[in-house]
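In: Structure, please.
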Amino acid sequence: MSRFGYEGNRFVYRDQAVRILSGAVHYFRIVPEYWMDRLRKLKACGLNTVETYIPWNFHEPEPGRFRFDGMADVEKFIQTAGELGLHVIVRPSPYICAEWEFGGLPAWLLADSDMQLRCAYPPFLQRVDAYYDVLMPKLNPLLCTKGGPIIAVQIENEYGSYGNDPAYLEHLKQGMIDRGIDVLLFTSDGPTDSLLQGGTIPGVLATANFGSNPGSSFAKLREYQQDTPLMCTEYWNGWFDHWGKPHHTRDAADAAAVLDEMLKADASVNFYMFHGGTNFGFYNGANCQQPDSYEPTVTSYDYDALLDESGEPTAKFHAVREAIARYADIGELELPPPIGRKAYGRVALEERAGLFGNLDALSSPVRSVTPLPMEKVGQHYGFILYSTRISGPRPADELCIQDVRDRALVFLDGELLGVIERSPAAQSVSFAVPPGGARLDILVENLGRINYGPFLKDRKGITEGVRFGFQFLFDWTIRPLPLEDVAALTFERNGTQAGPAFYRGTFRADECVDTFLDMDGWTKGVVYINGFNLGRYWNKGPQRTLYVPAPLLRQGDNEIVVLELHGMKDASVALTDNPILDSIGGGTNG
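Out: Got it, this is the predicted structure:
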């Protein structure tokens, strides 16, 4: 039996002292065909361990329906790491943060208006237990005690940043043990008194998360656990981006210098991130530290990491490798062959399918007295359309939404009147109603549930009601639009329908290599390649291109479908060979 643990202030594996040099790689942000490439580069950098979260919502998309295939095949990812001789640290749900939608929690939890999150609330624990009943048996054969590569498993994640319920943490700990998880268990929290007090429990190794000042951070950790190894479980060597804000970067030499301080202190470290990847589909999260400070995360999770979004080594990769080489014999640099990039050129999107003209192909209507949030109609991601009629005549007045989560396009008799966004400033549109009355349509986009902080209960759509002046409007038809599959759309060449629309075109690939879709000239929407949801674009920036990994392409014709909510300069896109992640466009509503 191979055990990983610690004796005093050193980790021990197979009776030998070992320092953990780890990098975070999220299998759920990378197409499976590239897992081996990213892991080989991690090992080439001088690291001996890979760390990954496990997002609950990715594996249990509906209550009781589980998936562990394709990008969700966590067992295959761990086995691949083991084949390369890497150790694996696993950080399973219920909560992961990770700038991931709802911090990895399933949106369907919010269908229960009484649900309490991340505490010893029995209905929440019952759902966690049912998930663990499926997940833990998959991890069990991969533990180092069973001959596998998993050396350690985290209990929850940065719990002290949210709550202080030791009964909850003990329940998770015991739940793992009862299901056969017999490797080292640990917690990770920021290095402050309140966070360490709230997030740690007796008998479980405490580790710290930080991006600088390792001396003071480790000193604070030592106040809570004296005779244990020092471990930075999240060394923030880069950062993530929000729409409308500059692209984050960190100097490579500075990141390597902080690493050097940790290595001098004989500490272990996990780079967050070694390789970020992509928030494909609608899986990006959002931040909201204060009421009305909502900031959604962009599609790219480049993170200014050691490998860029497409897996290419950066200057930070080489600076970190040089630092590690001063403390360990890591041999000559051996990288796998480059994947390659190609600019396939400009693609005309000459076919058009109006959103409103294709509602029956995309959804089934739900009647309700009041507007219901997504979760109450069984929807998790995408868009939702609310429609009603207002009697007339009425003089001009304000339309107010209580509350919009997160961005609403308001139409009166098919004409776009304006956009109401989740914002610190109250927003509304004003209009008069003609004598015959008018049809009101409100198309709301879920821009990503909050993944960190005190406002996790982030229900989407319209959460309370809609008023015209002082009067609440009732009798609504609701159209859930998760847009998981757009194959049923009816396209017309050079169609002229008004409003949001899908645009389609094809391009030919004689060879399939990575490329980047440049959305310059478009306003806001979503892109699909061969039916795969690449994610969102928005002319607010900073991200202008969407990464298209080669495995999503096929030799011959490839289909591009773009849902544009507003309009574009030209119904065409360019496939280029370089990303653009630092373009602040200033656009918002088209």
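In: okay, and for this protein, where does confidence drop off?
Out: Low-confidence segments of the chain, defined by pLDDT under 70, are located at 1, 495-498, 586-590.
In: roughly how far apart are the closest residue to N164 other than its chain neighbours and V377?
Out: Excluding its sequence neighbours, the residue lying closest to N164 (Cβ to Cβ, 6 or more residues apart in numbering) is G198, at 3.9 Å. Quick note: C-beta positions are derived from backbone N, CA and C, even for glycine. Using Cβ to Cβ, to the nearest Å, we find G198 at a distance of 35 Å from V377.
In: now do N279
Out: Relative to V377, N279 is positioned 24 Å away (criterion: Cβ to Cβ).
In: between these two, which one's more packed in?
Out: Using other Cβ atoms under 10 Å as the criterion, N279 and V377 rank with N279 on top: 26 against 17.
In: outside of the one helix or strand I560 maps to, which residues touch it?
Out: Assigned by DSSP states H and E, I560 belongs to strand 556-564. Residues outside strand 556-564 that contact it (Cβ atoms under 8 Å, 6 or more residues apart in numbering) are 347, 349, 355, 483, 486, 489, 500-509, 517, 522-531, 573.
In: swap in stretch 467-484?
Out: Contact partners of stretch 467-484, identified using Cβ under 8 Å, 6+ apart, comprise 359, 362-372, 374, 377-390, 394, 397-400, 402, 433, 440, 465-466, 526, 533, 563.
In: Among these, name the ones in strands.
Out: Within the contacts of stretch 467-484, membership in strands is found for 366-368, 383-390, 394, 397-400, 402, 433, 440, 465-466, 526, 533, 563, as judged by DSSP state E.
In: filter those to the buried ones?
Out: A residue is treated as buried here by neighbour count (16 or more other Cβ atoms under 10 Å); on that basis the buried members of the ones in strands among the contacts of stretch 467-484 are 366, 368, 383-388, 390, 394, 397, 399-400, 433, 440, 466, 526, 533, 563.
In: Return the distance of S2 relative to K173.
Out: Distance, S2 to K173, by Cβ to Cβ: 22 Å.
In: Give me the more crowded residue out of the two.
Out: The residue with more neighbours, out of S2 and K173, is K173; 20 against 15, by other Cβ under 10 Å.
In: ranges for the helices of the stretch 301-450 of the chain?
Out: Per DSSP state H, counting those that start in this stretch, the stretch 301-450 of the chain carries helices over the ranges 315-325, 359-362.
In: wait, I meant the chain
Out: Secondary structure of the chain (DSSP state H): helices located at 35-44, 56-59, 74-83, 122-139, 166-178, 193-199, 214-224, 252-264, 315-325, 359-362.
In: list the helices and strands the longest one packs on?
Out: It refers to helix 122-139. Secondary-structure packing of helix 122-139 (3 or more Cβ pairs under 8 Å, 6 or more residues apart in numbering; DSSP states H and E): helix 56-59, helix 74-83, strand 87-92, helix 166-178.
In: tilt between the second one and helix 122-139?
Out: Using axes from the mean of the first three to the mean of the last three Cα atoms, to 10 degrees, the interaxial angle of helix 74-83 with respect to helix 122-139 works out to 40 degrees.
In: any idea how the chain splits into domains?
Out: Under the assignment automatic domain parsing, the domains of the chain span 18-325, 345-353+500-576, 356-481.
In: Isn't L416 up against L443?
Out: No: using Cβ atoms under 8 Å, L416 and L443 do not qualify as a contacting pair, with a distance of 9.4 Å.
In: Name the nearest residue to the most centrally placed residue in the chain, sequence neighbours excluded.
Out: Geometric centre of the chain, nearest residue: W100, 2.7 Å, by Cα atoms, centre = their mean. Nearest-residue entry for W100: G285, 5.1 Å, with adjacent residues in sequence omitted and distances by Cβ to Cβ, 6+ apart.
In: The one you found and Y301, how far apart?
Out: G285 sits 10 Å away from Y301, going by Cβ to Cβ.
In: Overlap of the contact sets of the two?
Out: Counting by Cβ under 8 Å, 6+ apart, the common neighbours of G285 and Y301 are E99, N279.
In: who touches the residue sitting furthest away from the middle of the chain in this structure?
Out: Going by Cα atoms, centre = their mean, the residue of the chain most distant from its centre is P435, 47.2 Å out. Shown in contact with P435 (Cβ under 8 Å, 6+ apart): G392, P393.
In: Would you mind measuring the gap between the ends of stretch 308-323?
Out: Taking Cα to Cα, to the nearest Å, the first and last residues of stretch 308-323 lie 19 Å apart.
In: so how far is that stretch off the chain centroid?
Out: The offset between the C-alpha centroid of stretch 308-323 and the centroid of the whole chain comes to 22 Å, using Cα atoms, centre = their mean, to the nearest Å.
In: Which positions within that stretch qualify as buried?
Out: Residues 308-314, 316-317, 319-321, 323 are the ones in stretch 308-323 that count as buried (16+ other Cβ under 10 Å).
In: repeat for stretch 456-466
Out: Taking 16+ other Cβ under 10 Å as the basis for neighbour counts, the residues of stretch 456-466 that come out buried are L456, D458, R459, K460, G461, I462, T463, V466.
In: Setting the sequence-adjacent residues aside, check what's closest to V369.
Out: Closest residue to V369 apart from its sequence neighbours, by Cβ to Cβ, 6+ apart: F474 at 5.2 Å.
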